[in-house]
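**Q** fold the following and give me the result.
(2 chains)
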Amino acid sequence: NAGVMQNPRHLVRRRGQEARLRCSPMKGHSHVYWYRQLPEEGLKFMVYLQKENIIDESGMPKERFSAEFPKEGPSILRIQQVVRGDSAAYFCASSPAGQFRVQYFGAGTRLSVL
Amino acid sequence: KNQVEQSPQSLIILEGKNCTLQCNYTVSPFSNLRWYKQDTGRGPVSLTIMTFSENTKSNGRYTATLDADTKQSSLHITASQLSDSASYICVVSDNYGQNFVFGPGTRLSALP
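**A** Modelled structure (predicted):
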C-alpha cells in the first residue's frame, strides 16, 4: 500500500507562471489536506477536501490559489501567477473517514519561484 | 481562538539523555491530540494520538502525556539518539475531527 504520493518533489517557476502540485492519497482515503510550510516555520493549514468537495478553505489565499479533489485522479493545488512569496514546501496529507482520523503526509513539493 | 503553543522552540540534547517537550492548547471542543515527528525535508510522521480519556501513550522511546483539564501535553523522549534530531509537532483536533490546529514545533538537535 503506497503512501501519500506528491509530485513533483521540486518545482521551479518564474514569476507570473502557474504551478500545479499533485497529491495522490493513500488507497482508501477520501480526505485530503494541503499545508504550506515556510523555511524554519510550522505547517500552515490551507484547504481540506473530500472527493469532489471543498470542506474548508479558510487557510487558502482568496486570489491565485485553488484546489480540487476530483472523483478520479489526484488532488491538485493550483497557484496562478506565482510570486516569490509563494516559495515554500507544500505538504499534502490524507486520512480515512472517521472521527479519529490519522493524517498521513506526503514528502512535500518544494516550490521555488525565481 | 484555537491555538497550540509549544516549548521550547528549540532544544539541544546529548545522545543518551532524556528530554521533555511541552504543548499547551486552547482548542475547544477537544477531540484528540497528536504528536508528529518531522525530519528535515520530509513530511511529518505520526508518533502518538490521544483522546480525551487517555492520559498517557507510548511508542517505543516516545511517551506522550495528556492533561485535558489543564490542556497540556508533553512528549518525553528516553535515551535520545542522533536520529531523534527533527522537529516535533503537536496537533490538536476539535470535537468534529475536521479541524487540525498545528503547533509551531520544537526543533530538537541530538549531539554525540
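
**Q** quick one, what contacts the residue of chain A found nearest chain B?
**A** Nearest to chain B, among the residues of chain A, is residue A:105, at 3.3 Å (C-beta to the nearest C-beta). No exception for glycine: its C-beta is placed from N, CA and C like everyone else's. Taking C-beta atoms under 8 Å, 6 or more residues apart in numbering or on different chains, we find residue A:105 in contact with A:4, A:91-93, B:36, B:43-45.

**Q** and if you look at residue A:5?
**A** Neighbours of residue A:5 in contact, by C-beta under 8 Å, 6+ apart: A:23-24, A:74, A:106.

**Q** farthest pair in these?
**A** A:74 and A:106 (10.5 Å; C-beta to C-beta).

**Q** neighbours around residue 10, how many?
**A** Defaulting to chain A. 11 (other C-beta atoms under 10 Å in any protein chain shown).

**Q** wait, chain B
**A** By other C-beta under 10 Å, the residues close to residue B:10 number 11.

**Q** quick one: low-confidence parts of the chain?
**A** In the absence of a named chain, this looks at chain A. Residues of chain A meeting the criterion pLDDT under 70: A:1, A:99-100.

**Q** wrong one, chain B
**A** For chain B, the ranges with pLDDT under 70 are B:95-98.

**Q** what residues does whichever residue of it sits closest to chain A make contact with?
**A** Going by C-beta to the nearest C-beta, chain A is nearest to residue B:43 of chain B, at 3.3 Å. Residues counted as contacts of residue B:43 (C-beta under 8 Å, 6+ apart) are A:4, A:91, A:93, A:105-108.
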